[in-house]
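*Asks:* next comes the sequence, and after it the predicted model I'd like to discuss.
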Amino acid sequence: MTKIILSAARYPAWVMAALYSITLLALSYLPELRVEITAEGMMVNNPPALADYQRTMDTFGSENVTIVYLEDAKLFEAENLKAIEQALAEIEKIPQVSRTVSLFSVRYLRTIDGFIHTTPYFSPIPENREILQSRIQAALLNPLIERNLLSHSGSVMAINLFFDLENYHRGFDEQVSLALDEAIEPLQNRFRRAFHLGDPSVRSAISEQIRSDQLLIIPLALGVLIITLAITLGNWKAPLIPLLTAGMSVIWTLGMMAAVGIPVNVMTSIVPALLIIVGSTEDIHLLSEYQAAIRKGKSNQLALSLMAKFMGMAILLTFATTALGFLSISINRIDLLQQFGLISAIGLAMNFLITITLVPASLQLARHYGFTILSTTQRPYAQFSTHLYQQLSRYPKTIIASILLLMSLCLIWATQIKINNNVMDYFDQSSALPEQAELLQQNLSGMQALSIVLSGTQGTFLQVPYLEELHRLQDYLEETGRFDKSFSFADFIAVVHSGIDNEWPGTIYLPARNEVVREYMSLLDHVNAESFVSSDYSQARILVRHAISSSHELNQVVEAIKDYTETWLDPTLKVMITGGSYLNSQAVDYMADGQAKSLLLMLLVIFLMIALLFMNLKAGLIAVVANAFPIVVLFGVMGMAGIALDTGTTMVGAIALGICVDHTMHFMVRYQRLASDFRSESDALLQVIQQESTPIIATALALAAGFLTLTFSNFPPVSLFGLLSALVMCLALVGTFVLIPLMLRNTRLISVWSVLSLHLRRDVLDKCPLFKGMRPWQVRQLVALSRIREYQADEAILLQGMKYDTMLVLLKGQAEAWHTRPDGSTFQVTTYQPGGVFGVTSLVSNRQRQADVVAVGQVQALSFRWDGIHRIARLFPRIASRFHENLSTTIAHRLLHEPYDPSYQDDMSGLYSATFIEKLLEFTAEKAHRYEEPLCLIILKIEGEDLIIANHGRQLLRWLLHEFTHAINQALRKVDLLSRWGTGEFIIILPRTDHSTLNEIAWRLKQSLNEIDFGVIEGVAIEARCAHLMRGDTAESLIKRAKSSQPIWQVTQQEIKQKRA
């Protein structure tokens, strides 16, 4: 990534030429871009369900109807009916109209003087007022007309239109809507209300809103981006580069859509605005890094190099997470959301490509021509952010607990969220369509349809009992009170029979015998009933009209219908429920399921990406909590405010999560890079906050302001999406500058690329005693977590006489150790090669250095301090366990071979002193506690040491102690440590020693001591006591417990002589 950015800066003219050429090519395709709205787009992409729906439409015809609604108090006056008839004639001339159903076409079946009459109700138009009223009353008795074509009040009439959709083409909806507008225009001037409502009018209105949105929101988003960035970055020229990248991204994306034939729909219409809003974020980070380098006095070329080095990997990772956030939406089974997720991810990929090439090229050209586009003054965000962190860090546990409590409450509120998928929610209050739909439902029946298909065998629905089953189910539908009207083949037969039989005038009833039904259908053409029954009469459809806007409620009532049919309907009949409104309502289940899957997938990816990137599970958990915070609060607000989950709001979580993780990635990457320069994590975090506050806050404010521009959309779901997204952008700042620093304050991070980029010489891995038994990958992790220091030729690394708390490992070059004598003369002690370790005793003693260590040429050394060693133990226990063991061995070996120093060596025995061994025991005990390893201590007591000095002198005592030490070492392992504790006392530290091993070593000690030849010395007695490390033990308590324990064995000089004899 660094190479790509630097290459773009090296050849800016070629980069610009290539980008503008592609942009011009994309512009040439834009005239071919089309807007397309389909009802199927909001249906769930469920092949079996769609197949059932399509079979139903093929068998019974479309359930979708366009309704011409006419309302007036004087609607049925002769002149008005003639005007309606003329308008109907104009409507039937529209090429796309295949059939009309109205009181002028529905036949009025009646028997007069033994003759059957079948003329339509209003054809011809009755001139007599009484006849007209009788026709109206007769029509209201017809279940196929009442609340379908005529209202109870007699003031509303409807004309139902059906279209030939086989020739559906681009512009179909607009052409039909315009033709209908022209046809009913005379009626609009005559009646109180006259309008048409159906798929063409709804889709045309949506298409028009999309076009108006593009004309409003894109310029508005650009304007807001310019103003926000100019204010936050302190220079009106600062937005020029983000504006250029965003503009190119939009053109490339729309050009790609036009080239491959992907239309603009309800959801993809907001992609251009999103690219403008989201696409500028990485530009801000790159510009801020470049700006910071320039502010420090770096040259243009060096500033570009630093920008590429420090930001290259970060923006690659943030692009991946953001694109994944959008792409996760495409796992939803709703076509509109799938298209939106895919197009958005592709658009972001194009934006990323433009950003990493155009930004460095633009900066290079701007500097070349002396054009300043960035401010050199520091913005106030750093002071505010650091002050906030310093205040909150006083009470970290309280703050974190409070935020977790808030998240818990929001999760409870989130359970109250309802799910909705209603097409009328696409229109705001200024649109006439929702009001028209409500009028239609109040006076007639809702415009939404549901098909309940009952299946039997051939001829099933020519039998009266099964027609009664249809009526029974229709009665249940009416009893629920949730549906406006239902129509069936049973209604059709009842109307025919009542008109012909005429036994009970004024009522509609079914015949009593199956033969009558067969006779009726043999006389009538099946086409008259094709909307309700199949040609072989094995299937019948109940067409249900309703206005249930809540998808959740519709799903509930459909489930209730299924339960009723399973319990009360004839078991020989199979029931299948389908329809456009039902498939749309089913989509909400997949919408919620897709939302949950998208969020869980994103959180899992964030956890894995961060955990693997920094090789730290805690880091992954911190990232998940910080990024989940704004999303959880978002859903809590939605539940508390009663905001439903719909096509707009369902995207907020995944998109916002993909954007918010950008802040987390930038923060953690910079923290990992700076942490090695500071001794404490808190100091490193303060520096990270100071450096990241400007780009992150500027980005968040720009995103929030950009998303707020979507509130001006004509689509309420999109408007709400913009408002909620702006809220999440602000909440993300809390996660970035509150949660992450507070949870990271005791954690040091290393990155995979830091480990992979290390080039360790083979001799370092092979020769360094600290790395013994460790794999190269483990050594890389160890080195990456520690601090690497560099020294120039002849530069002093360590100085004689100074005190240090640092141990160093030579990685590159050579170093020499020189000792200065009291008389001022010097001599070379040793030469350190790569892999050499020096400054070892500084870790465990406070003594002064005995020699200078000077760099020979360029030197690179790895520095270890106790805080760093403890950090290694926290992050990588397995590596630290091996490192501690190697360190213990190295310290012991080094002290044995270093020149005499009373601070750590006992004068009489030459063993470690009590002071030193106590510190070493503290270190060993702490390691044993951390890794839950066994540790034992043996105290050997020699009686008669004072008597030996009195009788034989100190020289003979030295000889005896030497023999004693030699015998003990014969019985010990290499990892065991022996020291003189005091007069006649010796301590043996036994790491990783359990009970059985202790008994074995104690037995070997006794056997070895039995071999000592005491010569002329008399009266010597030896006893051994021991203790095991227990929970909570310190070095002091362990020694105290060992001294007070019972002896495990005792040996006297007399016993030794007797055994030899």
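*Replies:* Received it, and whenever you're ready, just let me know what you need. Numbering: from 1, shown residues only.
*Asks:* the nearest residue to S713 once chain neighbours are set aside sits in which helix or strand?
*Replies:* Nearest residue to S713 in three dimensions, chain neighbours excluded: S719, at 4.7 Å (C-beta to C-beta, 6 or more residues apart in numbering). Bear in mind the C-beta positions are built from the backbone N, C-alpha and C, glycine included. Element membership of S719, judged by DSSP states H and E, is helix 716-734.
*Asks:* my guess is N160 is in a strand, correct?
*Replies:* Yes - counting by DSSP: H, G, I helix; E, B strand; the rest coil, one finds N160 located in a strand.
*Asks:* about what we covered before: local confidence estimate at the residue nearest to S713?
*Replies:* Looking at S719, its pLDDT is 83.
*Asks:* one more: the one 4 residues further on?
*Replies:* We note a pLDDT of 88 for L723 in this prediction.
*Asks:* chain center to the helix holding S719, what's the gap?
*Replies:* Relative to the centre of its chain, helix 716-734 is centred 15 Å away, using C-alpha atoms, centre = their mean, to the nearest Å.
*Asks:* number of residues surrounding the residue nearest to S713?
*Replies:* 18 (other C-beta atoms under 10 Å).
*Asks:* can you give me the buried ones in the helix holding S719?
*Replies:* Within helix 716-734, the residues that qualify as buried by neighbour count (16 or more other C-beta atoms under 10 Å) are 716-729, 731-734.
*Asks:* that one packs against which elements?
*Replies:* helix 617-641, helix 652-675, helix 681-708 (3 or more C-beta pairs under 8 Å, 6 or more residues apart in numbering; DSSP states H and E).
*Asks:* which stretches of the stretch 351-500 of the chain form strands?
*Replies:* In the stretch 351-500 of the chain, the strands defined using DSSP state E, counting those that start in this stretch lie at 448-455, 485-487.
*Asks:* wait, V97 touches F163, no?
*Replies:* Yes - if you go by C-beta atoms under 8 Å, V97 and F163 touch, sitting 6.1 Å apart.
*Asks:* pick out whichever of those two has more residues nearby.
*Replies:* F163 (23 against 18).
*Asks:* I'd say the more buried one and Q175 touch.
*Replies:* No - in this structure, F163 is not within contact of Q175 by C-beta under 8 Å, at 10.8 Å.
*Asks:* any idea how far the most centrally placed residue in the chain is from L140?
*Replies:* Nearest to the mean C-alpha position of the chain, by C-alpha atoms, centre = their mean, lies M602 at 3.2 Å. Using C-beta to C-beta, to the nearest Å, M602 is found at 57 Å from L140.
*Asks:* where are the low-confidence patches of the stretch 651-800 of the chain?
*Replies:* 676, 679, 752-759 (pLDDT under 70).
*Asks:* since we're on V575, how many residues are nearby?
*Replies:* V575 has 16 nearby residues by other C-beta under 10 Å.
*Asks:* for it, which three-state class applies?
*Replies:* strand.
*Asks:* surely it touches S451?
*Replies:* No - with contact defined as C-beta under 8 Å, V575 and S451 do not form a contacting pair (11.1 Å).
*Asks:* quick check, A273 in contact with L222.
*Replies:* No - contact criterion C-beta under 8 Å: A273 and L222 do not qualify, at 9.2 Å.
*Asks:* who's more crowded, the two?
*Replies:* Each of A273 and L222 has its neighbours counted (other C-beta under 10 Å); A273 has more, 26 against 21.
*Asks:* now the more buried one: how far from D72?
*Replies:* Distance from A273 to D72, by C-beta to C-beta: 43 Å.
*Asks:* any buried residues in stretch 638-646, and which?
*Replies:* M638, G639, I643, A644, L645, D646.
*Asks:* okay, the residues you listed in a markdown table with distance to H666 and pLDDT next?
*Replies:* Written out in a markdown table, the entries for the buried residues of stretch 638-646 read as follows (distance: C-beta to C-beta, whole Å; pLDDT from 0 to 100):
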| residue | distance to H666 | pLDDT |
| --- | --- | --- |
| M638 | 28 | 88 |
| G639 | 31 | 88 |
| I643 | 30 | 83 |
| A644 | 34 | 78 |
| L645 | 30 | 76 |
| D646 | 32 | 72 |
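*Asks:* farthest pair within the residues you listed?
*Replies:* Using C-beta to C-beta, the two most remote members of the buried residues of stretch 638-646 are G639 and D646, lying 14.2 Å apart.
*Asks:* tell me the SS of the spatially closest residue to G801 that is not a sequence neighbour?
*Replies:* Of all residues not flanking G801 in the chain, Q848 sits nearest, at 5.1 Å (C-beta to C-beta, 6+ apart). Classification of Q848 using three-state DSSP returns coil.
*Asks:* can you give me the neighbour number for A205?
*Replies:* Applying other C-beta under 10 Å, I find that A205 has 19 neighbouring residues.
*Asks:* ok, it to E146 distance?
*Replies:* Distance from A205 to E146, by C-beta to C-beta: 29 Å.
*Asks:* V65 now?
*Replies:* V65 sits 16 Å away from E146, taking C-beta to C-beta as the criterion.
*Asks:* do the same with F340
*Replies:* 42 Å.
*Asks:* residues in contact with S212?
*Replies:* Listed by C-beta atoms under 8 Å, 6 or more residues apart in numbering, the contact partners of S212 are N714.
*Asks:* still on that earlier bit, right, so of the strands of the stretch 351-500 of the chain, which gets closest to L911?
*Replies:* Taking C-beta to C-beta, strand 448-455 is the member of the strands of the stretch 351-500 of the chain nearest to L911, at 93.7 Å.
*Asks:* so which bits of the closest one are buried?
*Replies:* For strand 448-455, burial by neighbour count (16+ other C-beta under 10 Å) applies to Q448, A449, L450, S451, I452, V453, L454.
*Asks:* avg pLDDT for that strand?
*Replies:* Rounded mean pLDDT across strand 448-455 is 92.
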